[in-house]
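Q: Mind looking at a prediction? Sequence and model below.
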Amino acid sequence: MRVRIDKLALQRPLYRAQGVVDRKSSTHVLSAVHVVATENQQLIFTATDYDVTLAAECDAEVSEPGAVLINGKAFFDVVRGLPDGAQVTLSSDGSQRVRVEAGRAYYHLNGLGPEEFPDVVEESGGRSLVIDKGQIDAMLRRTLFSVSNDESRPALNGVLFEIEPQGEGTALLRMVTTDGHRLSRVERVVATSGYDGGQHRTIVHRRGAAELARIFESNDPSVRVELLGRNIVFESDRTRLQVRQIEESFPDYQRVIPTRGDISVSVSRQQLASAIRRVATLGSNKHALLRVDLEPGRLSLEMTNADFGDAHEEIELPEHQGAKVSVGFNPRYLLDVLSVLETESVQLELSDQFSPCLVHSDEEPGAVFVVMPMRL
């Protein structure tokens, strides 16, 4: 194999591919990127950890086609460190060793036999639809933070992705995540193209959902979503991301979302977030308890630390409905919600100190968040 390519053109697909490799795996194949130089003057990078498989391509001057299998992190670190504008030559004589040249610098990277790379790319042929990339990106940003990392509850280890056709050329997209302590549900009616299927419901593994952010760092305005047997595929900017579907039953999230609370307040999102951050500076661990007092005219925040002291802040509440209530929260859970919303104000609704707190905004009616209280 022998290829010549600009450093920046090489770095983008390699950046996406090396993000998928399993860096903790003792299986070297899963920590490597499979690189193929084709007669069509293209480089194709493929990486997998079996849950997520990514294939990205770019144009290159290929004088000798071939394939290599190289450690993804080492290869990316070498390329990233080269000067911008450098012309890079990749070559291999079939000895499982890759030479990277740029000007007077050269590196030799030990590789594996390319035939050892698993055949994990599933053929196309499922139902598909084309969606505005910005819509998917915005929905993921509002839900990924509340995905569970508890491997004993696999149904919660991903994003519930639902499609409900609304009419010709449109569909309702819904994403839901929960870790048992908070829940996020975002839904939007979007324009679709080419979708001829009915309702669809699947759980997209969290690693694949997170890797979509790398694909979305481009000028390509749309993403093609394909629904295959055990996988869901996202394609954009000459990159194909294949994500394993979690074959579990997602909990009935509708039962968790309260309709309306007896107590309702409206408050500036930025003002509330800033006050929580200041008070939470005394939080000593991830289980810190924030006391929130809601009463007509004001919202009070309190946190006590036995080692450092205590903090208190108050926010004026022009809009308050219901009786006075005191409730405890993990401050990080509230801040996560306030950071993903992009509205001027938010509404907090609950029935009492033991009930789930509903967080939403009239400025973004498709987004609803639930935060479970902590015992005071």
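A: Okay, I see it. If you're wondering where the values come from, they're calculated on a predicted model, not measured in any experiment. Numbers count the residues shown, from 1 in each chain.
Q: isn't residue 178 right up against residue 251?
A: Yes - counting by Cβ atoms under 8 Å, residue 251 is a contact partner of residue 178 at 7.0 Å. C-beta coordinates here come from the backbone N, C-alpha and C atoms, glycine included.
Q: Neighbour count for these two, which is higher?
A: Regarding residue 178 and residue 251, a neighbour count based on other Cβ atoms under 10 Å identifies residue 178 as having more, with 23 against 16.
Q: List the contacts of the more buried one.
A: Applying Cβ atoms under 8 Å, 6 or more residues apart in numbering, we find residue 178 in contact with 146, 148, 156, 184, 251, 253, 256.
Q: Which pLDDT value goes with the last one?
A: In the predicted model, residue 256 carries a pLDDT score of 90.
Q: same deal with the third one?
A: Model confidence at residue 156, given as pLDDT, is 96.
Q: all helices in this protein, in order from the N-terminus.
A: In the chain, the helices defined using DSSP state H lie at 7-18, 72-80, 133-141, 206-215, 269-279, 331-340.
Q: So what's the predicted local confidence for the closest residue to residue 195 other than its chain neighbours?
A: Nearest residue to residue 195 in three dimensions, chain neighbours excluded: residue 129, at 3.4 Å (Cβ to Cβ, 6 or more residues apart in numbering). Looking at residue 129, its pLDDT stands at 89.
Q: returning to what we had before: taking the contacts of residue 178 one by one, which sit in strands?
A: Of these, the ones assigned to strands by DSSP state E are residue 184.
Q: of the contacts of residue 178, closest to residue 271?
A: Nearest to residue 271 among those: residue 184, at 22.1 Å, using Cβ to Cβ.
Q: How about that closest one: which residues does it bridge to?
A: Beta bridges link residue 184 to residue 177, residue 369, judged by DSSP bridges.
Q: the domain parsing of this protein - what is it?
A: Following automatic domain parsing, one finds the domains of the chain at 2-116, 127-253, 258-371.
Q: The lowest-mean-pLDDT helix or strand in the chain pairs with which strands, and in what direction?
A: One helix or strand of the chain scores below all others by mean pLDDT, DSSP states H and E: strand 319-321, with a mean of 86. Applying DSSP bridges, strand 319-321 is found paired with strand 263-268 (antiparallel).
Q: buried ones in the partner strand?
A: Neighbour-count burial for strand 263-268 flags 263, 264, 265, 266, 267, 268 (criterion: 16 or more other Cβ atoms under 10 Å).
Q: Reformat those as a markdown table; add pLDDT and distance to residue 299.
A: Below are those laid out as a markdown table (pLDDT from 0 to 100; distance: Cβ to Cβ, whole Å):
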| residue | pLDDT | distance to residue 299 |
| --- | --- | --- |
| 263 | 92 | 11 |
| 264 | 93 | 12 |
| 265 | 94 | 6 |
| 266 | 94 | 10 |
| 267 | 95 | 6 |
| 268 | 95 | 10 |
